[in-house]
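[1] Requesting a structural model of the entry that follows:
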Amino acid sequence: GLSTVRLGPEDNLTSVDLTQPWALLCAGAFEEDIDTIKHARTLPVPPQVVCAVAAGVHEFGQALDDPRGVYGIGQWFPGTTPAPHLGLDEPTFLHTYRERAGVLPDYPAVQAVAAATIATHCATTTATTTRQALWQTAANLETTTLFGAFKIDPHTGTQLGHQPALTRWDSTGPTPL
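    Have a look, this model is predicted:
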């Protein structure tokens, strides 16, 4: 029942009739989301609600002058993942990373640890590192890591198991919902 307009990076928001209240959902590259939100906020009728994939990471707060009220969506946000079946739990990883690096890990660091956890599990399970054996094991795997649920379509590799994490930015930063 919602009227929608789908625009790509080459399209311009000003080409759409935005005289009525509207909401913006961005799902582009980080920089594209930031640029789109900045532009949308300068329009005569800015969006009433903004949700962006880019707002699901801490860097969003530095990239936008005022991120308050923006919803973010991603695959992971600190404090939203239950204890994993494979690999380190989130509190242990966050503590160890901060202890060694002096800062909390960013989203890609957590992705990388989850990928390494899956890869190590598959190599250990198959006792080999051949591409076909690793793929077969990964394609049949349904588990969780500190990044969340893991399950893929064995034919396409599309992620099936993850649950999105929704956040909303306020004056103290992003808060999970």
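
[2] Of all the helix elements in this protein, which one is longest?
    Taking DSSP state H as the assignment, the helix of the chain that covers the most residues is helix 107-126.

[3] what does that one contact?
    Contact with helix 107-126 is made by 56-58, 74-76, 84, 86-88, 93, 97, 105, 129, 133-134, 136-138, 141, 143, 145-148, 150, as judged by C-beta atoms under 8 Å, 6 or more residues apart in numbering. C-beta coordinates here come from the backbone N, C-alpha and C atoms, glycine included.

[4] which of the residues you listed count as buried?
    When those are checked for burial by 16 or more other C-beta atoms under 10 Å, the buried set is 56-58, 74-76, 84, 87-88, 93, 97, 105, 134, 137-138, 141, 145-148, 150.

[5] In contact with the residue located most distally from the centre of the chain, which residues?
    When each C-alpha in the chain is compared with the mean C-alpha position (C-alpha atoms, centre = their mean), A127 comes out farthest, at 31.8 Å. With contact set as C-beta under 8 Å, 6+ apart, A127 has no partners.

[6] Shouldn't V45 be within a strand?
    No: under the criterion used here (DSSP: H, G, I helix; E, B strand; the rest coil), V45 is coil, not part of a strand.

[7] How about it: what's its closest non-neighbour residue?
    Here the nearest residue to V45 in space, its sequence neighbours aside, is L18; by C-beta to C-beta, 6 or more residues apart in numbering that works out to 5.2 Å.
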